[in-house]
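Peer 1: would you be able to build a 3D model of this:
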Amino acid sequence: MKRYQLCAIGNALVDMEFKVKDSFLEACEIDKGVMTLVEEQRQDELVAALEGHPGKWACGGSAANTVIAAAQFGAACFYSCKLAADETGDFYLRDMHAAGVTSNADNGRGAGKTGKCLVMVTPDAERTMNTYLGISEGFSVTELDPQVIAASEYLYIEGYLVTSPTGRAAAIEAKRLAEAAGVKTALTFSDPAMVQFFKEGLAEMVGSGVDMLFCNEAEALSWTGCADLDSAVVALQPIAKCFAITRGAKGALLFDGASIHHVEPHEITAVDSNGAGDMFAGAFLFSLSRGDSFPDAGRLASLSSAKVVQSFGPRLLKEAHAEILTEVFTAQPAMIDTL
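Peer 2: Residues are numbered from 1 along each chain as shown. Have a look, this model is predicted:
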């Protein structure tokens with residue numbers, strides 16, 4: 001058995017999440033529903049404008065949320081990132097340790113400012129992000145630990161790394177190291193804007209293909225250029241041995257390399273969609289790493305993401321993960337349709 005079930009690489013960002021109305025986004029000329037990179041001054045201006053709005057902080061970034069989810073379910077996890085030796089970095093590392101995740105940042109941090117992601121959640125539960133990468137923009141091969149990668153069952157790569165030349169190069173090198181060590185590779189497209197504006201860079205990161213791809217329906221259609229999901233499923237197979245396509249209120253579609261599995265949605269009232277895809281990936285990879293089938297992993301991931309969108313914030317309380325495991329694996333598997 002490997003030392004780690006999951007080694008993830010991504011941008012280390014403190015998530016600053018606020019509840020806002022659509023009128024706030026309109027007044028501040030913020031594009032809704034996507035991640036936009038901003039300068040620190042612009043982010044500071046928005047935070048000042050948000051004074052008085054309900055908010056909370058958490059260590060985050062897409063891959064961090066995924067690796068924390070896997071760790072909370074019981075997986076041994078490692079996160080490679082770049083943090084600054086500042087107060088925000090102190091908070092980030094404390095929060096990550098509390099979640100049970102080990103990091104290369106435990107061995108030292110650099111000069112600069114830790115990145116922050118301003119997450120604005122509207123009443124329709126849609127999340128809009130304005131991100132200042134800070135020192136995370138310089139994430140590079142220096143932050144990779146080849147021994148940790150080789151000692152992991154899965155390497156998980158965050159698609160947001162494509163926005164930084166050094167981050168993209170690190171993702172490509174990490175994938176090469178994993179493949180050389182016989183470690184399975186997983187990648188998430190992260191955001192429709194990444195596929196729209198950085199497709200060429202993402203293609204470099206995908207390279208000859210990955211073992212597992214995570215994306216949502218919009219990203220799948222955009223990447224393949226297909227008009228319908230059935231066609232996109234066929235078009236994705238040359239770049240991913242297996243994949244999971246999340247569909248929000250429509251559930252999810254899984255491809256295990258041979259069969260397609262449709263995961264039915266849960267009847268819920270969404271409060272905050274931030275972290276749903278990250279949770280899905282974390283729960284799914286945890287389940288696969290312990291030998292569960294694709295349908296079982298899909299059931300766990302579906303319920304977990306449904307739970308996380310019902311509360312404010314990108315993660316669940318630690319004790320909730322054990323409850324979800326009990327609920328999924330003692331219930332009858334009625335939420336999967338296999339073709």
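
Peer 1: next one: residue 261 from residue 58, what distance?
Peer 2: 31 Å (CB to CB, to the nearest Å). Yep, even glycine has a C-beta here, placed from its N, CA and C like the rest.

Peer 1: who has more neighbours out of the two?
Peer 2: residue 58 (23 against 20; other CB atoms under 10 Å).

Peer 1: the more buried one: what's its closest spatial neighbour, skipping adjacent residues?
Peer 2: residue 15 (5.0 Å; CB to CB, 6 or more residues apart in numbering).

Peer 1: what lies in contact with stretch 39-47?
Peer 2: Residues outside stretch 39-47 that contact it (CB atoms under 8 Å, 6 or more residues apart in numbering): 16, 28, 30, 38, 113, 116, 118, 130-132, 134.

Peer 1: list the buried residues of it.
Peer 2: Buried residues in stretch 39-47, counted by 16 or more other CB atoms under 10 Å: 43, 46-47.

Peer 1: please save the CA atoms from the helix or strand encompassing residue 213 in CSV.
Peer 2: In the assignment (DSSP states H and E), residue 213 maps to strand 210-216. Provided in CSV are the C-alpha atoms of strand 210-216 (Å, rounded to 0.1, in the frame of the first residue of the first chain):
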residue,chain,number,x,y,z
VAL,A,210,-4.6,11.2,-18.0
ASP,A,211,-6.0,8.3,-16.1
MET,A,212,-8.9,10.3,-14.6
LEU,A,213,-10.5,13.6,-15.8
PHE,A,214,-12.9,15.7,-13.8
CYS,A,215,-15.0,18.4,-15.5
ASN,A,216,-18.5,19.8,-15.6
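
Peer 1: let me know the average pLDDT across it.
Peer 2: Per-region confidence: strand 210-216 scores 98 on mean pLDDT.

Peer 1: go on, stretch 226-237?
Peer 2: What stretch 226-237 shows for mean pLDDT is 97.

Peer 1: state the distance from the nearest residue to residue 217 once chain neighbours are set aside to residue 298.
Peer 2: Leaving out its chain neighbours, the residue that sits closest to residue 217 by CB to CB, 6+ apart is residue 247, at 4.9 Å. Applying CB to CB, the value for residue 247 to residue 298 is 12 Å.

Peer 1: okay, those two: which has more neighbours?
Peer 2: residue 298 (29 against 16).

Peer 1: now the strand or helix carrying that one, how far from the chain's geometric center?
Peer 2: Taking DSSP H and E as the criterion, residue 298 maps to helix 294-308. Put simply, helix 294-308 sits 15 Å off its chain's centre (CA atoms, centre = their mean, to the nearest Å).

Peer 1: now that helix against strand 210-216, angle please.
Peer 2: Here the directions of helix 294-308 and strand 210-216 differ by 40 degrees (axes from the mean of the first three to the mean of the last three CA atoms, to 10 degrees).

Peer 1: after helix 294-308, which helix or strand is next?
Peer 2: helix 318-329.

Peer 1: rewinding a little: quick check, the residue nearest to residue 58 in a helix?
Peer 2: No. Going by DSSP: H, G, I helix; E, B strand; the rest coil, the assignment for residue 15 is strand, not a helix.

Peer 1: and it, how far from residue 64?
Peer 2: Residue 15 is 9 Å from residue 64, by CB to CB.

Peer 1: of the two, who's got more company?
Peer 2: Taking other CB under 10 Å, residue 15 and residue 64 do not tie; residue 64 has more neighbours (31 against 27).

Peer 1: residues in contact with the more buried one?
Peer 2: By CB under 8 Å, 6+ apart, residue 64 lies in contact with 8, 10, 12-13, 79, 81, 96, 101.

Peer 1: and those, which of them are buried?
Peer 2: Buried among the contacts of residue 64 (16+ other CB under 10 Å): 8, 10, 12-13, 79, 81, 96, 101.

Peer 1: now, the most widely separated pair of these?
Peer 2: By the measure CB to CB, 13 and 101 form the most distant pair in the buried ones among the contacts of residue 64, at 14.7 Å.

Peer 1: any idea how far residue 84 is from residue 112?
Peer 2: 4 Å.

Peer 1: actually, residue 183.
Peer 2: Relative to residue 112, and taking CB to CB, residue 183 is found at 30 Å.

Peer 1: what mean pLDDT does stretch 245-254 get?
Peer 2: Stretch 245-254 carries an average pLDDT of 93.

Peer 1: and that stretch, what's buried?
Peer 2: 245-248, 251-254.

Peer 1: same check, this time on stretch 203-213
Peer 2: Within stretch 203-213, judged by 16+ other CB under 10 Å, the buried ones are 205-206, 210-213.

Peer 1: now those as CSV including distance to residue 219?
Peer 2: Below are those laid out as CSV (distance: CB to CB, whole Å):
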residue, distance to residue 219
205, 14
206, 13
210, 14
211, 18
212, 15
213, 10
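
Peer 1: mind checking pLDDT for residue 314?
Peer 2: 69.

Peer 1: lowest confidence element among the helices and strands of the protein?
Peer 2: None of the helices or strands of the chain scores lower by mean pLDDT, DSSP states H and E than strand 336-338, at a mean of 51.
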